[in-house]
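> next comes the sequence, and after it the predicted model I'd like to discuss.
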Amino acid sequence: MADTRATDETSDNTGGNHSSGDGNPESREVEKIRDLKSVLVTSVLNLEELDVNLYRGTHHWVPRSRRLFGGQIVGQALVAAAKSVGDDVYVHSLHCYFVRAGDPTVAVLYQVDHIRDGRSFMVRSVRAIQHGQPILICQASFHKLQPSPLQHQFTMPMVPPPEDLLTEEQLIHLYLTKPNVPEKLRQFLNQRLANEVPIEIKPIQPQPSLRRPATEPRKLFWVRAQGHIGEGNMKLHCCVAAYISDYAFLDTAMLSLADYKAKFFASLDHSMWFHTTFRSDEWMLYECESPWAANSRGLVQGRMWRRDGVLAVSCSQEGVFRVQPVNHRNKL
Ligand SMILES: CCCCCCCC/C=C\CCCCCCCC(=O)SCCNC(=O)CCNC(=O)[C@H](O)C(C)(C)COP(=O)(O)OP(=O)(O)OC[C@H]1O[C@@H](n2cnc3c(N)ncnc32)[C@H](O)[C@@H]1OP(=O)(O)O
C-alpha cells in the first residue's frame with residue numbers, strides 16, 4: 001500500500017492546491033476527533049493476510065438494514081487488489097456487482113486473481129466471500145502514470161465552502177432543540193446520531209424531515225473521512241473514497257418521489273473512476289444525481305470534487321427499490 005506520489009501532471013488545471021487546509025477554526029471537540037487516526041485506516045481497511053492473495057476483513061459500522069455496507073465491501077476489495085500491484089501503478093477504475101447480502105455476524109474473505117499484467121495496465125479480479133459463496137465480484141484496473149495533452153473536465157458547481165455549513169450531526173442537534181419535534185422524527189434523528197459511520201457530511205441544502213416534497217433527483221454535500229489519514233498514500237485514499245462513495249449515494253434516486261418510502265433497497269452494482277490525486281480526509285464536494293429510475297431500479301451518478309475544483313473521482317451505481325406509500329396517519 002506504500003505510495004509516495006506527491007504530484008500529478010494531469011490534475012491542476014485550475015492551478016489550485018488540493019491540500020489546502022480549512023480556513024476558519026472548527027470547534028475543539030471536532031479537532032480532537034480529527035487528530036485521531038481514521039478508523040477506516042486503523043481497522044476497516046486494515047486487512048489481515050491469511051495466505052497468498054487471500055485476506056480477511058472485519059466490520060466497523062453496519063447499517064440498520066443489518067446487511068453489510070456496500071462501501072465497506074468495495075473498499076476492502078480494493079485494498080486486497082491494491083496489495084497485488086507495485087507502487088508505480090494506481091487504480092483508475094473498478095466495477096463491482098453485489099450478488100448477495102453481506103452477513104454482519106461473520107468476517108469477509110477476499111480472494112484476488114491476477115487477470116493480466118500488461119505494459120501500462122494491470123487488471124485484478126476480487127471475490128468477496130462469506131459462507132463459501134461470493135457476496136461481491138469486483139474488477140479493478142491499475143495504470144501507470146502516462147502524461148498526455150488530452151485533458152478536460154467539467155466545472156465544479158458553485159457551492160458555499162464547508163466552513164460556512166454545519167455537519168449533519170450539528171444540524172440534527174440543532175433541530176432536536178426545537179419544540180414540537182414529532183416523536184417519530186425525534187427517534188429517527190436520534191438513531192442517525194447513534195450511527196458510528198466514520199464519515200463526516202455537510203449537506204449543501206439540509207432537509208431534516210421525513211416529510212419532504214418531490215424534488216429534482218440531485219444533491220450536493222461536502223464529505224470526508226472522519227479522523228486523520230495524512231498525505232502520501234494515494235492507494236489508501238482511493239480505498240477510503242470507495243467506502244465513502246457508497247454512503248449517501250443511492251438515496252438520490254428516491255428524491256423524485258414524495259409520499260413513498262423504500263421498504264427494501266440495496267445497491268446492485270458500483271463503478272468508480274479515479275482521475276487524479278486527492279485526500280479522502282479533506283473535504284470533497286460530492287455531486288450526486290439520478291438520471292433515471294423505473295422498473296424498481298434507479299441509476300445514480302456521482303462526481304467527487306477536490307475543493308480546488310479538480311474532478312477527482314466519478315462514480316455510478318444502480319440500485320433496487322421496493323417502495324410503498326407512507327402511512328398518512330403517521331405522516332410527519
Ligand atoms: C446530503 C446528505 C445527507 C445524508 C443522507 C444519508 C443517507 C444515508 C443514510 C444511511 C446510509 C445507509 C447505508 C446506505 C446503504 C447503501 C447501499 C448499500 O450499501 S446496500 C448493500 C450492498 N448491496 C447488497 O447487499 C445487495 C446484495 N445483493 C442481494 O441482496 C441480491 O442480489 C438482490 C436482493 C439484489 C437480488 O436478489 P434476489 O433476486 O434473490 O432478490 P429479490 O427477489 O429482488 O428480493 C429482494 C427483496 O425484495 C422483495 N421482493 C421481491 N420481489 C418483490 C415484488 N415484486 N414486490 C415487492 N417486494 C418484492 C423480496 O421479498 C426481498 O425482500 P426481503 O429481503 O425478503 O425482505
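Here it is on my side, so go on. Small disclaimer: the values here were computed from a predicted structure and weren't measured.
> how about the residues of the stretch 51-200 of the chain that lie near the ligand?
Residues of the stretch 51-200 of the chain lying near the ligand by C-beta under 6 Å from any ligand atom: Pro63, Arg67, Phe69, Gly70, Phe98, Val99, Arg100, Ala101, Gly102, Glu168. In this view, the C-beta of every residue, glycine as well, is placed from N, C-alpha and C.
> which non-adjacent residue is nearest the first one?
Taking C-beta to C-beta, 6 or more residues apart in numbering, and ignoring the residues beside it in sequence, Pro63 has Phe69 as its nearest neighbour in space, at 5.5 Å.
> wouldn't the one you found be in contact with Trp61 here?
Yes. Taking contacts as C-beta atoms under 8 Å, Phe69 lies within contact range of Trp61: 6.5 Å.
> more neighbours: those two, which one.
Between Phe69 and Trp61, counting by other C-beta atoms under 10 Å, Phe69 is the more crowded of the two (22 against 19).
> can you give me the neighbour number for whichever residue of the stretch 1-150 of the chain sits closest to the ligand?
Using C-beta to the nearest ligand atom, Gly70 is the residue of the stretch 1-150 of the chain that sits closest to the ligand, at 3.0 Å. Using other C-beta under 10 Å, Gly70 has 29 neighbouring residues.
> is it true that it touches His270?
Yes. Using C-beta under 8 Å, Gly70 makes contact with His270 at a distance of 6.2 Å.
> quickly list what's touching both of the two.
In terms of C-beta atoms under 8 Å, 6 or more residues apart in numbering, Gly70 and His270 are both contacted by the residues Phe98, Asp246.
> show the average pLDDT along stretch 101-113.
In this model, stretch 101-113 has an average pLDDT of 97.
> first vs last residue of it, how far apart are they?
Stretch 101-113 has an end-to-end distance of 22 Å (criterion: C-alpha to C-alpha, to the nearest Å).
> spatially nearest residue to Glu49, not counting backbone neighbours?
Nearest residue to Glu49 in three dimensions, chain neighbours excluded: Tyr55, at 5.8 Å (C-beta to C-beta, 6+ apart).
> hmm, I was thinking of Glu282
Nearest non-adjacent residue to Glu282 (C-beta to C-beta, 6+ apart): Arg224, at 5.8 Å.
> element containing the one you found, please.
strand 218-225 (DSSP states H and E).
> can you check Leu78 too?
In this assignment (DSSP H and E), Leu78 forms part of helix 70-82.
> before we move on, what about Val300?
For Val300, the host element (DSSP H and E) is strand 297-306.
> and the very next helix or strand once past that strand, C-alpha only, in PDB?
Following strand 297-306 in sequence order, the next helix or strand is strand 311-325 (DSSP H and E). The C-alpha trace of strand 311-325 is given here as PDB (Å, rounded to 0.1, in the frame of the first residue of the first chain):
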ATOM      1  CA  LEU A 311     -12.600  16.500 -10.600                       C
ATOM      2  CA  ALA A 312     -11.100  13.600  -8.600                       C
ATOM      3  CA  VAL A 313     -13.500  10.700  -8.800                       C
ATOM      4  CA  SER A 314     -16.600   9.700 -10.800                       C
ATOM      5  CA  CYS A 315     -19.000   7.000  -9.600                       C
ATOM      6  CA  SER A 316     -22.100   5.300 -10.800                       C
ATOM      7  CA  GLN A 317     -24.400   2.700  -9.200                       C
ATOM      8  CA  GLU A 318     -27.700   1.000  -9.900                       C
ATOM      9  CA  GLY A 319     -30.000   0.000  -7.000                       C
ATOM     10  CA  VAL A 320     -33.200  -1.900  -6.500                       C
ATOM     11  CA  PHE A 321     -36.000  -0.100  -4.700                       C
ATOM     12  CA  ARG A 322     -39.200  -1.800  -3.500                       C
ATOM     13  CA  VAL A 323     -41.300   1.200  -2.400                       C
ATOM     14  CA  GLN A 324     -44.600   1.600  -0.500                       C
ATOM     15  CA  PRO A 325     -46.700   4.700   0.200                       C
END
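> right, I'll leave it there.
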